[in-house]
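**Q** Coordinates only, no sequence provided:
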């Protein structure tokens, strides 16, 4: 049995590593979900196989509750597994990963409940389920059908674990802030709240009331422009004479624009009509990146 | 004779798609067998979360043989073509025969087609099903291009001749394998099953914790919770949809009873019920004595070693955190209600889009309000109350509870309005104006609710027609068909004399308004057909007419239906047919300009005058009757001049050397037709 939040992360990584995945590190930009990591979005495109797992810190400014809600956070962790092509026995692999973090199926009720996934900002969708353990949603399970408006072939299987939630379930804790972050018997035991309580409070205030709207609006259009500019460069790099399509730098700006949009949303400055408009602007960037990726070496 | 088992074993099929899948499988397979001419005794289909299965009993071993005539080239074609045809059938030219067809004479050859074996036919139907099954939403997986609702793991297909001999049918599929076994419950008993016959298949499935038949799973669930509730003085809140959904989530249902924490019992019933249903698929249990929802039923798909302790504990914990959220939202809303009232929420509706091209929910409310003022006037309902109701009817959309649980729209608004002490007829309308939602829902019956319900629907229809967002084919994202049928039901079932056609045409340009009225008319037809009115009745009253006042049309159709059973109806039809037939024939032949005003001076015979005088009488009777909406009386009047008609046709010949005399007689017929058609198009009726 795992005894801490970090132990669960280790056990998941050990398990997926033993199943042949590369264990990546989080992407170094602010994102709303593990799906935004280029290891998912971009790698789901093209023909090459790809097996990877990683933790991704995720930010959802509107979900901030000043660290007072037992379940909701504006910053949390997702554990993301990407298997391309989705293997025949992917459900069994997934169930074994739950065993690896100490869920004993003999006494628990696992359910795959329909949940179609769609990301309007990424122009992506897939079919799959929420996975329930005794009525608690512990993972999202998706077969990608399209990313950036492009058909996925082969199809990628994506498993996303809500780490805090699954840890609360496994460790039997009712408030996220009380999760043991490391081993309670270790020399310096710390809880989740010791690490994040204060920053949750700080970000909640900033997200909702302080973030500079003018600045954010500027950033949004700057990032949008830069993304388009990067992709409009000629393929051949005059410096080296090589063909270099700069997909990932461009995609970085797409991610940044997406995060800025989330911040603007939590500041409540985007009207409903504008909202659709912003979403479609980000989607256009994502589509351009996806199309460029297909044209690049890795695609 | 043999029995067939066909099982498609897949990852979890969404519950809501299961019923249709099992019906489709049955239909497609039946059609396949019938087309192939393969006899059978009985077909049944089954569905669980992980399998879609079919059992055919008493299947013939092969389809019957038959002769087929193959057509070759036309007689007189180049010799080469004729020889080529013979060669393609590996026969001599001399064994061809000539047969006359519409397009000329052709060479033919009679081919004896042997029947196909059951196996061949099954392979064909099954492979066809795998590649073309009509899932509403399907997907690809892995590296393949096959589509199924979720990844299809394998297909088990076996033909049993008798209890001892059977054959596994290899479906020869590229992307998935057809295997000689199926599996038990994948969490409890996932071992391979090798059935010996159909009964053995069902038996072994049960032994391995799979109940194939969904109605049996349902029975188990219902019986189990009844047993659990025996000493609880409680009963479940009936919810067929929920139970059906749960049945589609389990292969082996195990039922538990849980208790809701004391601190949540003060939440409104509806909030408890919907939270449990939508988020957790729990069935609510209500205490008969206190009438409070204080327990829940949860159905697991697992036979746990600890007897389900952990499962129930886990589920209760999730529920607790859900209810904590719900309570938090409810209390926040109530604070606002107590301080500023429900109407304060209406102002926030400008932040919520109704539709990009239409505007915000506040714009929508303003429109509903405006239309409600017209409707309340037309129906004689207190218009200031309607105004208040219209302004409040969507207020709850921006409450925290509805943001979290959208299916509680209307319900929460009413709860808050009652909390605030708003007039009951108004608070009721916040909930009732959404009715009917489902096919068999009741319609609102209180006057304020009716006005708001009609205004809301007319506004939606008009708004979407304005921006050309009409339902097409199976696409109806804004549920406008439902709005239309709801509108019609509200009007008819409340017997409302209201001209919606006029209202619509005042709000849309000509083309859109005609189109919308046509759309409503189509919904109205569906409604009438369901109410057992035949097509001919519909045609007699809806053809060429605008659906202005649905209730009056309904009354008329009803009267005609009754009237059709009487002898008077025959008289009416006699008086209708003869003049109309002559008129139709003459109109085809000649280009006379006719009118409904025959001139008295031009009548030559007494019977013409008598008929004319009678017509004037009947005309005024009919118009009085129509005025009073007394369609029965109108019909009776129209059946009252058959004697005069009889004599007219006996003693008067329409044709005359003098054209003006003839036209005058035709004008008399024209007058009759116009009078008749002012009530209905009797020519459409079947006798």
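**A** It's in. Quantities reported herein were computed from a predicted structural model and do not represent experimental measurements.
**Q** from the stretch 351-500 of chain B, which residue is nearest to chain A?
**A** Taking Cβ to the nearest Cβ, chain A has its nearest neighbour within the stretch 351-500 of chain B at residue B:353, 3.3 Å off. No exception for glycine: its C-beta is placed from N, CA and C like everyone else's.
**Q** now do chain B
**A** Chain A sits closest to residue B:314 of chain B, with a gap of 2.7 Å, by Cβ to the nearest Cβ.
**Q** where does that residue fall, helix, sheet strand or coil?
**A** Assigned by DSSP: H, G, I helix; E, B strand; the rest coil, the conformation of residue B:314 is helix.
**Q** Phi and psi next, for the residue nearest in space to the middle of chain B.
**A** By Cα atoms, centre = their mean, chain B has its centre lying nearest to residue B:439, at 7.9 Å. Main-chain torsions, residue B:439, degrees, to the nearest 10: phi -50, psi -50.
**Q** Report pLDDT for residue B:403.
**A** Predicted confidence (pLDDT) for residue B:403: 86.
**Q** so how far is the helix or strand containing it from its chain's centroid?
**A** Per DSSP states H and E, residue B:403 falls inside helix B:400-404. Relative to its parent chain, helix B:400-404 has a centroid offset of 30 Å by Cα atoms, centre = their mean, to the nearest Å.
**Q** and residue 220, what does it touch?
**A** All of this refers to chain A. A:257, A:260, A:261, A:264, A:278 (Cβ atoms under 8 Å, 6 or more residues apart in numbering or on different chains).
**Q** I was thinking of chain B, sorry if that wasn't clear
**A** Applying Cβ under 8 Å, 6+ apart, we find residue B:220 in contact with B:211, B:253, B:255.
**Q** The last one in helix, strand or coil?
**A** It stands for residue B:255. strand.
**Q** Would you mark the buried spots in stretch B:171-187?
**A** Within stretch B:171-187, the residues that count as buried by 16 or more other Cβ atoms under 10 Å in any protein chain shown are B:171, B:173, B:176, B:178, B:179, B:182, B:183, B:184, B:185, B:186, B:187.
**Q** and if you look at stretch B:253-260?
**A** For stretch B:253-260, burial by neighbour count (16+ other Cβ under 10 Å) applies to B:253, B:254, B:255, B:256, B:257, B:258, B:260.
**Q** what pLDDT does the residue nearest to the fifth one when sequence neighbours are not counted get?
**A** In this structure, residue B:257 finds its nearest non-sequential neighbour in residue B:228, 4.3 Å apart by Cβ to Cβ, 6 or more residues apart in numbering or on different chains. pLDDT for residue B:228: 96.
**Q** try residue B:98
**A** What the model reports as pLDDT for residue B:98 is 88.
**Q** That one reaches residue B:106, doesn't it?
**A** Yes - between residue B:98 and residue B:106 there is a contact under Cβ atoms under 8 Å: 7.1 Å.
**Q** Between those two, which contacts overlap?
**A** Joint contacts of residue B:98 and residue B:106 (Cβ under 8 Å, 6+ apart) are residue B:75.
**Q** Compare those two and say which is more crowded by neighbours.
**A** Neighbour count, other Cβ atoms under 10 Å in any protein chain shown: between residue B:98 and residue B:106, residue B:106 has more, with 18 against 11.
**Q** thinking again about what came up before, from the contacts of residue A:220, which is closest to chain B?
**A** When the contacts of residue A:220 are compared for distance to chain B (Cβ to the nearest Cβ), residue A:278 wins out at 12.8 Å.
**Q** who touches the closest one in this structure?
**A** A:220, A:261, A:264, A:270.
**Q** how about these in JSON lines, adding secondary structure and distance to residue B:555?
**A** What follows is the contacts of residue A:278, written out as JSON lines (DSSP: H, G, I helix; E, B strand; the rest coil; distance: Cβ to Cβ, whole Å):
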{"residue": "A:220", "secondary structure": "helix", "distance to residue B:555": "61"}
{"residue": "A:261", "secondary structure": "helix", "distance to residue B:555": "57"}
{"residue": "A:264", "secondary structure": "helix", "distance to residue B:555": "57"}
{"residue": "A:270", "secondary structure": "coil", "distance to residue B:555": "52"}
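**Q** Filter the residues you listed down to the buried ones.
**A** A:220, A:261, A:264, A:270.
**Q** ok, which pair from those residues is furthest apart?
**A** Spatially, the most separated pair among these is A:220 and A:270, at 10.3 Å (Cβ to Cβ).
**Q** and for those two, which residues touch both?
**A** Counting by Cβ under 8 Å, 6+ apart, the residues touching both residue A:220 and residue A:270 are A:261, A:264, A:278.
**Q** got the end-to-end distance for stretch A:55-69?
**A** End-to-end span of stretch A:55-69 (Cα to Cα, to the nearest Å): 23 Å.
**Q** ok so, going back, closest to residue B:628 among the contacts of residue A:278?
**A** For the contacts of residue A:278, the minimum distance to residue B:628 (Cβ to Cβ) is 58.3 Å, reached by residue A:270.
**Q** isn't that closest one right up against residue A:260?
**A** No - counting by Cβ under 8 Å, residue A:270 stays clear of residue A:260, with 10.9 Å between them.
**Q** Output the below-cut-off pLDDT ranges for chain A.
**A** The model of chain A has pLDDT under 70 over residues A:272-273.
**Q** Can you name the residues of it that neighbour chain B?
**A** Residues of chain A lying near chain B by Cβ under 8 Å from any Cβ of the partner chain: A:70-71, A:85-88, A:91, A:105-114, A:116, A:126-129, A:133-136, A:143, A:145, A:153-155, A:157, A:169, A:174, A:271-273, A:275-276.
**Q** Just the buried residues of those.
**A** Among these, those classed as buried by 16+ other Cβ under 10 Å are A:70-71, A:85-86, A:91, A:105, A:107-114, A:126-129, A:133-136, A:143, A:145, A:154-155, A:157, A:169, A:272.
**Q** hang on, residue B:540 packs against residue B:679?
**A** No - if you go by Cβ under 8 Å, residue B:540 and residue B:679 don't touch, sitting 9.3 Å apart.
**Q** Take the contacts of residue B:220 and lay them out in CSV including pLDDT.
**A** Shown next, in CSV, are these (pLDDT from 0 to 100):
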residue, pLDDT
B:211, 97
B:253, 97
B:255, 97
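**Q** Can you lay out these as TSV showing distance to chain A?
**A** Converted to TSV, the contacts of residue B:220 look like this (distance: Cβ to the nearest Cβ, whole Å):
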residue	distance to chain A
B:211	16
B:253	11
B:255	12
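**Q** Let me know the closest of those to residue B:501.
**A** Using Cβ to Cβ, the contacts of residue B:220 come closest to residue B:501 at residue B:253, 52.1 Å.
**Q** surely that closest one meets residue B:221?
**A** Yes - counting by Cβ under 8 Å, residue B:253 touches residue B:221, with 5.0 Å between them.
**Q** got any residues that touch both of the two?
**A** By Cβ under 8 Å, 6+ apart, the residues touching both residue B:253 and residue B:221 are B:246, B:247, B:299.
**Q** Of those, which are in range of chain A?
**A** Applying Cβ under 8 Å from any Cβ to those, one finds that nothing falls near chain A.
**Q** who wins for neighbours among these?
**A** Within the shared contacts of residue B:253 and residue B:221, residue B:247 tops the neighbour count with 25 neighbours, counted by other Cβ under 10 Å.
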